[in-house]
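Asker: below is the structure, and that's it, no one-letter string:
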């Protein structure tokens, strides 16, 4: 099923996205302390990727994201993999999520921002500068690889940088007219884009590009930050709105760990409010588990 079909045909007021893949893998005993993050498990323990996806299916997720957030071609080339080995990893990622899902779920290709490639926490600061051609080169090869393996819907996740957003909208998305793209950004404590751009400016820009970006939202940010972004204009967008916060912990980029386990209760207590504000896709990011997604699914179902 395609993403927009799921959005348009659901019989509930919101649909459920999966939760923190990396968190779920860590709880299964996987070591993610590397520049590859969850792609380390994709490379060395692919069955754990399947198990994590399956746990979110069993929890009631309607949308599942591939294990390719950190899996840029540049990331793999940097650690010495050949292009044949990289191609094999993309095949594994798609095969494992397809094995775990049914025709009832939508599979969406996860695309991390350039900041995730830097592996220094830049997806939470947006502190990098590239031109649009450089952004194209970084993103295109992974998108093409996933399209070749049957992925039709994509999400650019944790995008913190306004110039990267504009390159995605104006240069990258038009190159793939048969695919659907959503963009999800990170926001700071004030609800603004992580690079400091006022979220009002981001929303004004995105509102002009509904055809290119039918879904827009915020992920891997605290619940309070998400709520501030909604109040500042996110909830007024013509697009389908998606939110999937993290558990509220702070990321230690030097040691590549979260400073605590976070607390998903704030997510659960905001479900009804988000649905009332028109949020259509709700899930969790880092520090959220299949149990959290099961609770979200039940709460979404109960909203009348």
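Answerer: Structure's in. What do you need? Note that the structure is predicted; figures quoted are calculated from it, not measured. Numbering: from 1, shown residues only.
Asker: helix or strand right after the helix or strand encompassing residue 8?
Answerer: Using DSSP states H and E, residue 8 maps to helix 3-9. Stepping forward along the backbone from helix 3-9, the first helix or strand reached (DSSP H and E) is strand 15-16.
Asker: next SSE after that following strand?
Answerer: Next element after strand 15-16 (DSSP H and E): helix 21-27.
Asker: for that next one, buried residues please.
Answerer: Neighbour-count burial for helix 21-27 flags 21, 22, 23, 24, 25, 26 (criterion: 16 or more other Cβ atoms under 10 Å). Backbone N, C-alpha and C define where each C-beta goes, glycine included.
Asker: tell me where this structure is predicted with low confidence.
Answerer: Segments of the chain classed as low confidence (criterion: pLDDT under 70) are 248-262.
Asker: what segments of it are helices?
Answerer: With DSSP state H as the criterion, the chain has helices at 3-9, 21-27, 38-44, 46-59, 73-78, 83-100, 114-118, 132-148, 162-167, 199-207, 223-231, 265-276, 290-302.
Asker: report all helices and strands that the helix holding residue 8 contacts.
Answerer: Here helix 3-9 touches strand 106-111, strand 180-185, going by 3 or more Cβ pairs under 8 Å, 6 or more residues apart in numbering; DSSP states H and E.
Asker: let's have these in CSV, adding mean neighbour count and distance to residue 146.
Answerer: Shown next, in CSV, are these (neighbours: other Cβ atoms under 10 Å; distance: least, Cβ to Cβ, whole Å):
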stretch, mean neighbour count, distance to residue 146
strand 106-111, 26, 4
strand 180-185, 25, 12
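Asker: now distance to residue 90 too, for those strands, in JSON lines please.
Answerer: Output for the helices and strands packed on helix 3-9, formatted as JSON lines (distance: least, Cβ to Cβ, whole Å):
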{"stretch": "strand 106-111", "distance to residue 90": "10"}
{"stretch": "strand 180-185", "distance to residue 90": "18"}
